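# sharing a model that was predicted from the sequence below.
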Amino acid sequence: MTIQVADFESSGNCIHCGLCVASCPTFLELGTEMDSPRGRIQLMRSIQQGTVPLDDMSVRHLDLCLGCRACETTCPSGVRYGTLIEGARHFVETRHRRPWPARVKRWVVNRTFPNPALMKALGRAVRCMTWLGLGRLARWRLLPAAVRDLLRYLPDPEAPFRAVRLPESTVPEDEVRHRVGLLSGCVMQSLFGDTHVSTIGLLAQRGCEVRAPAAAGCCGALLLHNGERDRGLELARRTIAAFDSPDLDAVLTNAAGCGAAMREYGEHFKDDPAHRAAAERVASKVRDVAEFLHGLPGLRPEKSLNLRVAYHDACHLLNGQGVQAEPRQLIRDIPGVEWVELHEAEVCCGSAGSYNLTEPELAGRLAARKAGNVMATGADVLVTGNPGCILQIRAALRERGSSIRVVHTADFLAEAYTNRAARS
């Protein structure tokens, strides 16, 4: 088994021009060449050629990559770095044995989040801890750092997480103009149920029949990102089967990482004749909710919001799906909104799937950088299109005593485009 050289050839060879360096969050924080995309590509090649050993030191540089793919947007050679790092991580997972604390942490993450039953139990535990106000203990230095890192993500008791079991089909009151699928997902369904409710409300009021098949389950994004390719593809096959219907005009997601992975199903199954065609069909229909809403004719806000609003680009929405202008335009079309630009809106906040759980130190530095930029805007609300970003930035702002709301794009749009108020 090797890191596939074909990935380099099909993506365009890295010419080490260095344009990617300025866009890489880990390089911005650490300033080391081996923690830049250019350095990591050279490291992958050296490992493949046997000139650098696959040891804890070399794996560490690969682990510190956020997988945000910001480098892809600046690369003049079209290097598909996301494919490379996922291939490298699969190589590492099958060839290298990390120290036991790292193995345990990754095992827990990779077994919990893609498992609906475990996520349901986790959601209940989180809501119980929120009700007890345990989030306040995140600053208690007597607790182990690992425990404090988890407690900091608990929401305020006034706005707790909510689980939801979506109906298989939601039909609009008037005529059906579109039929769309909606991925219920793992984190979204267990913790961000209100966002699903906002999403379905926005779609149904605009003539969309929304189908949310329970069989879709986890899309496999987290496992593919973390190098557990075989299990990730197994979950992806179930998702593909659930959404491969000629009746659906689009397959929608409101989690950026899920959408980016699903758009690449065709690439993941290109060598699988049994699933390639279905994977390509589903991938061609995948859209972010804000992207799809923006394309609907006659979409108008129903009320005004007198708020200063900033927007953070979730990495896999901007770099993985190319969605940037659509959510901004929907927000700016709302009467009364004062739009404020966020400095480094495109720089990763440190969430990156499970990165803030496996690499809390560097994730915390990136979260602090993001929180500082958000507070400098003077905004009342920060809007973003990914649950992980919401948790990460909300925790960083809370630690600095900021009252800025951090909400999902669908929840914020529901405040103006429907009569439903978003929860902070």
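The structure has been received and is ready for your questions. Numbers count the residues shown, from 1 in each chain.
# quick one: low-confidence parts of the stretch 1-150 of the chain?
Counting by pLDDT under 70, the ranges of the stretch 1-150 of the chain that qualify are 1-12, 138, 141.
# so what's residue 188 up against?
195, 196, 254, 255, 387 (Cβ atoms under 8 Å, 6 or more residues apart in numbering). In short, each C-beta sits where N, CA and C put it, glycine included.
# now the helices for the stretch 201-350 of the chain?
Ranges of helices within the stretch 201-350 of the chain are 221-225, 229-243, 256-263, 265-268, 276-285, 289-294, 315-318, 325-332, based on DSSP state H, counting those that start in this stretch.
# the stretch 51-200 of the chain too?
56-63, 70-74, 81-95, 100-112, 116-131, 145-151, 187-191, 193-204.
# contacts for the last one next, please.
Which is helix 193-204. Here helix 193-204 has contacts from 161-164, 166, 170-173, 178, 180, 182, 184, 188-189, 210, 212, 252, 254, 289, 292-293, 387, 408, 410-411, 413-414, 417-418, 420, 422-423, using Cβ under 8 Å, 6+ apart.
# in CSV, list the C-alpha atoms belonging to that helix.
This file holds the C-alpha atoms of helix 193-204, laid out as CSV (Å, rounded to 0.1, in the frame of the first residue of the first chain):
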residue,chain,number,x,y,z
GLY,A,193,-32.6,19.9,15.8
ASP,A,194,-33.8,23.5,15.7
THR,A,195,-31.7,24.1,12.6
HIS,A,196,-33.3,21.2,10.9
VAL,A,197,-36.7,22.7,11.8
SER,A,198,-35.7,26.1,10.4
THR,A,199,-34.4,24.4,7.2
ILE,A,200,-37.6,22.4,6.6
GLY,A,201,-39.7,25.5,7.4
LEU,A,202,-37.8,27.6,4.9
LEU,A,203,-38.1,25.0,2.2
ALA,A,204,-41.7,24.0,2.8
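# from memory residue 103 sits against residue 96, does it?
No: the pair residue 103 and residue 96 fails to qualify as a contact (Cβ atoms under 8 Å) at a distance of 10.4 Å.
# more neighbours, these two?
Counted by other Cβ atoms under 10 Å, residue 103 and residue 96 do not tie: residue 96 has more neighbours, with 15 against 11.
# to residue 118, which of the helices of the stretch 201-350 of the chain lies closest?
Closest to residue 118 of the helices of the stretch 201-350 of the chain is helix 221-225 (Cβ to Cβ; 12.9 Å).
# report the mean per-residue pLDDT for the closest one.
Mean pLDDT, computed over helix 221-225, is 93.
# who are the packing partners of it?
helix 81-95, helix 100-112, helix 229-243, helix 256-263 (3 or more Cβ pairs under 8 Å, 6 or more residues apart in numbering; DSSP states H and E).
# what residue in this structure is the furthest from its centre?
When distances to the mean C-alpha position of the chain are computed (Cα atoms, centre = their mean), the maximum falls on residue 51, with 34.6 Å.
# excluding chain neighbours, what is closest to residue 105?
residue 358 (5.7 Å; Cβ to Cβ, 6 or more residues apart in numbering).
# in a markdown table: the contacts of residue 188, plus neighbour count.
A markdown table is the format used below for the contacts of residue 188 (neighbours: other Cβ atoms under 10 Å):
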| residue | neighbour count |
| --- | --- |
| 195 | 27 |
| 196 | 25 |
| 254 | 25 |
| 255 | 29 |
| 387 | 24 |
